[in-house]
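how would this look folded up:
(2 chains)
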Amino acid sequence: MAKTIVPIGPYHPLQEEPEFFTLTVEGEKVVDVDVQVGYNHRGIEKLSEMKTFDQSTFVIERICGICSTSHPYAYTRAVEDIIPMEVPERAKFIRTVIAEGERLHSHLLWLGLAGHFLGYNTVYMWAWKLREEILDVMEILSGNRNNYAMFKPGGVRRDFAPEDIEASIKKIDSIVPTLEMLRKAVMDDPVLHARTKGVGILTKEEAIDYSALGPTSRASGVARDVRKDSPYGAYDRLDWDMIVTETGDVFDKVVVRVLEMFESHKIMKYCLKNLPSGEIDANIKSIPPGEGIGHIEAPRGETFHYVRSDGTNSPERHKVRAPTFMNLPTYKSTVIGETIADTTIILAAIDPCYCCTERMAVRDIKGKKLYNGEELIRLSQEKTERIRRGKR
Amino acid sequence: MNREEILKDLTKKFKADIIDIFDKTRKRVYIEIKPKSLVKVATYIFKDQKARFNIATGRDARDYIEILYHFTVEDINLLISLRVKLAKDKLEIDSLAPHFKAADWIEREIHELLGVNFKGHPDLRRLLLPEDWPEGVYPLRADYEEWDPQAVRDRGIEKNKKPK
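This next block holds a predicted model:
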């Protein structure tokens, strides 16, 4: 059969990110793929070398809006590894809370988008609505919905107030029923099964060969999680489960992320309840010459930072490796042989990173709130009922 | 194998290849090896010790180019970094990409940003830099100078002032 080339990008119509995919297809079947990146190369490694160690924390926080904590976390750990030193206990717990909150909202965002790519917009709406609650918790705790600016080499920049901790625990507990509903929606929906089971399989051998990371590797049966393998923060203080499945198809990647959210909730709640007292910052005075490596488990997998100091106040070399750098090449082995209709969800299954935040409330022109969430759901259900009865 | 056994095993097996071992902390070890021994040591760590390839990091140390290959042995929480130093007049090293796919992209990246030739790499195209970027200009080199007149104008960079 004749081969046809289908170009997608450089601005992806579905995932608002600059990447270019050249799919070679025979009829409906994908036989080859080439991925081109670099359309948004910002030179952040070079930029970081021109900033001081403290300024770099803010620069690299802006690498990604979704994983805005994973990069500072890995970076501060790399700087602390140069010395080497440990941060105060309270700072460890605060860092863990922020990192898990980020995982929760990132997985919800991903779940929503995955639903959207499959044409299952109900999941998309519910997941993103739930994500708002998490962002509110982050706002209570850090003052920011994204780019929390909590991290600094040696500790954290802000402490949690007791009344905020109370409010946050209440709020994260309130999301569990909806999370449970989403879990059931994913596990029981026949359409979702039909679209994702057996699609885009990454075998265990391939996951090892590509050194795939995070949920992408765990769905393929590779039990790999920096939080367990090289515990940092407060992850070794409590009992939590690493979610590993065997098949490596899109469905398993959904399952891993959905079940991980419950673990994140557990870790976050434990840390907030058992927050030790004491200092939040070790007050590093200077950074000696040397090199350090920091790696942490971001929502998408391990984020890796290498920092080299020459004894001055700015890094001599700073290398950033985001998890998608290792996960994106696996696309080549998961997409070949599949149909073109499945290419988007297979790509989405590795959760390539995007940034987007929008919020909505219905207000009249004077700014008075007209409807809240429950009322909007009621209105929408009433409309569905009207359509069902044939009256529009 | 535990941490001590692995280190002992490596020292014994690659006695002639290892130049220096820096045992930094419980979780970090830096091993400097001869560039020509890279493939043999790296594949042993990746395949036989079942380590995960984290990434490679390149750095221009002015007199030479240094590449660190980072591997994590997950079961024992140890990060092994293999260090190779390449002379600036002969910037080439054997590619790891034919041995495991994880090294594919990062070698392309180091190739274009630092100008290291990876011998035997299956597809050494550019990864991040645009097509119109001039040949032989490497942005992460210490002696890199802004070459694009438009960038010089827009960002107000003085042409002869070297970035740090």
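
got a list of what A:Arg300 touches?
Taking CB atoms under 8 Å, 6 or more residues apart in numbering or on different chains, we find A:Arg300 in contact with A:67, A:106, A:213-216, A:322-324, A:327, A:350-351, A:353. C-betas here are computed from N, CA, C, even on glycine.

how far away is it from A:Pro323?
4 Å (CB to CB, to the nearest Å).

so what sits against both of those two?
In contact with both A:Arg300 and A:Pro323: A:213-214, using CB under 8 Å, 6+ apart.

ok, the contacts of A:Arg300 vs chain B, which is closest?
Checking these against chain B by CB to the nearest CB gives A:Leu213 as the nearest, at 8.4 Å.

what sits opposite the residue nearest to the closest one when sequence neighbours are not counted in the beta ladder?
Closest residue to A:Leu213 apart from its sequence neighbours, by CB to CB, 6 or more residues apart in numbering or on different chains: A:Gly301 at 2.7 Å. For A:Gly301, the beta-bridge partners are A:Ala298 (DSSP bridges).

A:Gly301 and A:Phe325 touch, don't they?
No. With contact defined as CB atoms under 8 Å, A:Gly301 does not reach A:Phe325; the gap is 9.5 Å.

the two: which has the busier surroundings?
Neighbours were counted for A:Gly301 and for A:Phe325 using other CB atoms under 10 Å in any protein chain shown; A:Gly301 has more, 27 against 20.

who are the contact partners of that one?
A:Gly301 sits in contact with A:212-217, A:323, A:326-327, where contact means CB under 8 Å, 6+ apart.

and those residues as a markdown table, adding pLDDT and secondary structure?
A markdown table is the format used below for the contacts of A:Gly301 (pLDDT from 0 to 100; DSSP: H, G, I helix; E, B strand; the rest coil):
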| residue | pLDDT | secondary structure |
| --- | --- | --- |
| A:Ala212 | 93 | coil |
| A:Leu213 | 93 | coil |
| A:Gly214 | 93 | helix |
| A:Pro215 | 93 | helix |
| A:Thr216 | 92 | helix |
| A:Ser217 | 94 | helix |
| A:Pro323 | 89 | coil |
| A:Met326 | 89 | helix |
| A:Asn327 | 89 | helix |
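
farthest-apart pair in the residues you listed, please.
Maximum pairwise distance among these (CB to CB): 12.6 Å, between A:Pro215 and A:Met326.

okay, now the residue of the stretch 101-250 of chain A found nearest chain B: neighbour count?
Taking CB to the nearest CB, chain B has its nearest neighbour within the stretch 101-250 of chain A at A:Ser211, 3.6 Å off. Using other CB under 10 Å, A:Ser211 is surrounded by 27 other residues.

which residues sit in contact with the closest residue in space to it that isn't next to it in sequence?
Spatial nearest neighbour of A:Ser211, excluding adjacent residues (CB to CB, 6+ apart): B:Ala102 at 3.6 Å. Residues counted as contacts of B:Ala102 (CB under 8 Å, 6+ apart) are A:209-211, A:326, A:329, B:53.

tell me the SS of residue 31?
In the absence of a named chain, chain A is used. Recorded secondary structure, A:Val31: strand (DSSP: H, G, I helix; E, B strand; the rest coil).

actually it's chain B I care about, not the one you picked
Quick answer, by three-state DSSP: B:Ile31 is strand.

where along chain B do the helices fall?
B:3-13, B:38-43, B:104-114, B:149-155 (DSSP state H).

which of these sits closest to chain A?
It is, among those and with distance given as CB to the nearest CB, helix B:104-114, at 5.8 Å.

is chain A contacted by the closest one?
Yes. Counting by CB under 8 Å from any CB of the partner chain, contacts between helix B:104-114 and chain A involve B:104-106.

what packs against that helix?
strand B:52-60, strand B:117-119 (3 or more CB pairs under 8 Å, 6 or more residues apart in numbering or on different chains; DSSP states H and E).

what residues does the stretch 201-350 of chain A have near chain B?
A:208-211, A:224, A:229-231, A:291, A:293, A:295, A:302, A:304, A:306, A:308, A:314, A:316-317, A:319, A:321, A:325-326, A:329.

try 7 Å
A:209-211, A:224, A:229-230, A:293, A:295, A:304, A:306, A:308, A:317, A:319, A:321, A:325-326, A:329 (CB under 7 Å from any CB of the partner chain).

give the ChimeraX command for selecting the buried subset of these.
Selection of buried members from those for ChimeraX, criterion 16 or more other CB atoms under 10 Å in any protein chain shown:
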select /A:209,210,211,224,229,230,293,295,304,306,308,317,319,321,325,326,329
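
from A:Pro215, how far off is the residue nearest to the spatial centre of chain B?
Closest to where the C-alpha atoms of chain B average out (CA atoms, centre = their mean) is B:Ile67, at 3.0 Å. According to CB to CB, B:Ile67 stands 30 Å off from A:Pro215.

that older thread, will you turn the helices of chain B into a markdown table that also has mean neighbour count and mean pLDDT?
Below are the helices of chain B laid out as a markdown table (neighbours: other CB atoms under 10 Å in any protein chain shown; pLDDT from 0 to 100):
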| stretch | mean neighbour count | mean pLDDT |
| --- | --- | --- |
| helix B:3-13 | 14 | 91 |
| helix B:38-43 | 18 | 95 |
| helix B:104-114 | 22 | 92 |
| helix B:149-155 | 10 | 76 |
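
tell me which residue in the stretch 51-200 of chain A sits closest to chain B.
Closest point on the stretch 51-200 of chain A to chain B, by CB to the nearest CB, is A:Pro84, at 5.4 Å.

what about the nearest residue to that residue once chain neighbours are set aside, how many neighbours?
Nearest residue to A:Pro84, sequence neighbours excluded (CB to CB, 6+ apart): B:Thr25, at 5.4 Å. When neighbours are defined as other CB under 10 Å, B:Thr25 has 10 of them.

from memory B:Thr25 sits against A:Ile83, does it?
No. With contacts counted by CB atoms under 7 Å, B:Thr25 stays clear of A:Ile83, the gap being 10.3 Å.

which ones are touching A:Ile336?
Neighbouring residues of A:Ile336 by CB atoms under 7 Å, 6 or more residues apart in numbering or on different chains: A:30-33.

pull the most distant pair out of those.
For these, and using CB to CB, no pair is farther apart than A:Val31 and A:Val33, which are 8.6 Å apart.

of the two, who's got more company?
Taking other CB under 10 Å, A:Val31 and A:Val33 do not tie; A:Val33 has more neighbours (20 against 15).

for chain A, what are the nearby residues on chain B?
With the criterion set to CB under 7 Å from any CB, chain B comes near chain A through B:25, B:27-28, B:52-55, B:57, B:59, B:70, B:74, B:77, B:79, B:100-102, B:104-105, B:127-129, B:139-140, B:163-164.

just the buried members of the residues you listed?
B:27-28, B:52-55, B:57, B:59, B:70, B:74, B:79, B:100-102, B:104-105, B:127-129, B:139-140.

so where is the chain shaky, pLDDT-wise?
Answering for chain A, as no chain was given. A:12-16, A:353-373, A:391-392 (pLDDT under 70).

I was thinking of chain B, sorry if that wasn't clear
Those would be B:155-164, if you go by pLDDT under 70 across chain B.

coming back round to it: any chance of the helices and strands packed on helix B:104-114 in CSV with distance to A:Arg257 as columns?
Output for the helices and strands packed on helix B:104-114, formatted as CSV (distance: least, CB to CB, whole Å):
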stretch, distance to A:Arg257
strand B:52-60, 21
strand B:117-119, 35
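
follow-up on the earlier one: mind checking which of the residues of the stretch 201-350 of chain A next to chain B land in strands?
A:293, A:295, A:304, A:306, A:308, A:317, A:319, A:321 (DSSP state E).

of all the residues you listed, which two lie farthest apart?
Across these, the two lying at the largest distance from each other (CB to CB) are A:His295 and A:Arg317, at 16.4 Å.

what secondary structure does A:Glu291 sit in?
With three-state DSSP as the basis, A:Glu291 sits in strand.

count of neighbours near it?
23.

A:Ala348 - that's part of a strand, no?
No. A:Ala348 is assigned helix when assessed by three-state DSSP, not a strand.

no more questions from me, cheers.
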